[in-house]
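>>> coords please:
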Amino acid sequence: MDDLDDCGWSIVVGPDNHPVITGVTINSDGTADYTTFKLHNDDRSTIWIESWPGAINNIDERAGWLSVCDNGDIIMANRTWSSATSYDAVLHRYAETNGDTLWTRTYGGDETDVARSVAQTWIAFEPSCRASRTGATPFLD
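Next comes the predicted model:
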């Protein structure tokens, strides 16, 4: 993060009472990263930080949604470039304790796809935290 035009878009507080923030960090070369970080509740020191390249460099339109799993893991939804003129929805799941990336999923087609929220979902008798996103995918003629 180089303090150019970084923007936080979503904040959640996990079961350990520490806030997690996600947003977009703009790099000096004009590219952007999705950046998600967890802060210590007492002194605001960084517990972990994860950045991935490919974020949309447009801080005027919200780009970043978070959800907390029951076990404290974090699911982040954002947008990534799929071509020079369109983008896809991307999900990352981060481990609660150290921010390790547990999985990444990208959703999209030939046109622009947008995530607008993310939430934990449940499948009967399966204790794992799964993600469900809402958004828009244009219909093709």
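>>> Any stretches of the chain with poor pLDDT?
Low-confidence segments of the chain (pLDDT under 70): 1-4, 57-63, 81-86, 108-141.
>>> now do 90
Within the chain, the segments meeting pLDDT under 90 span 1-10, 23-34, 52-71, 75-93, 103-141.
>>> Do a quick rundown of the strands in it.
Counting by DSSP state E, residue ranges of the strands within the chain are 7-13, 19-26, 32-39, 46-53, 65-68, 74-81, 87-94, 101-107, 114-123, 126-136.
>>> Output the shortest one in PDB with nothing but the alpha carbons.
Extracted C-alpha coordinates of strand 65-68, given in PDB (Å, rounded to 0.1, in the frame of the first residue of the first chain):
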ATOM      1  CA  TRP A  65     -17.600  -7.300   0.400                       C
ATOM      2  CA  LEU A  66     -16.900  -9.500   3.400                       C
ATOM      3  CA  SER A  67     -18.500 -12.300   5.400                       C
ATOM      4  CA  VAL A  68     -17.400 -14.100   8.500                       C
END
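>>> Measure how buried Asn78 is and give me the count.
When counting by other Cβ atoms under 10 Å, one arrives at 30 neighbours for Asn78. Every residue, glycine included, has its C-beta placed from N, CA and C.
>>> Contact partners for it?
By Cβ atoms under 8 Å, 6 or more residues apart in numbering, Asn78 lies in contact with Thr22, Val24, Tyr34, Ala55, Ala63, Gly64, Trp65, Ala89, Val90, His92, Ala115.
>>> got these as a markdown table, with neighbour count and distance to Trp103 columns?
Formatted as a markdown table, the contacts of Asn78 follow (neighbours: other Cβ atoms under 10 Å; distance: Cβ to Cβ, whole Å):
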| residue | neighbour count | distance to Trp103 |
| --- | --- | --- |
| Thr22 | 24 | 16 |
| Val24 | 24 | 21 |
| Tyr34 | 25 | 15 |
| Ala55 | 26 | 18 |
| Ala63 | 25 | 20 |
| Gly64 | 23 | 18 |
| Trp65 | 22 | 17 |
| Ala89 | 24 | 14 |
| Val90 | 23 | 11 |
| His92 | 22 | 8 |
| Ala115 | 24 | 15 |
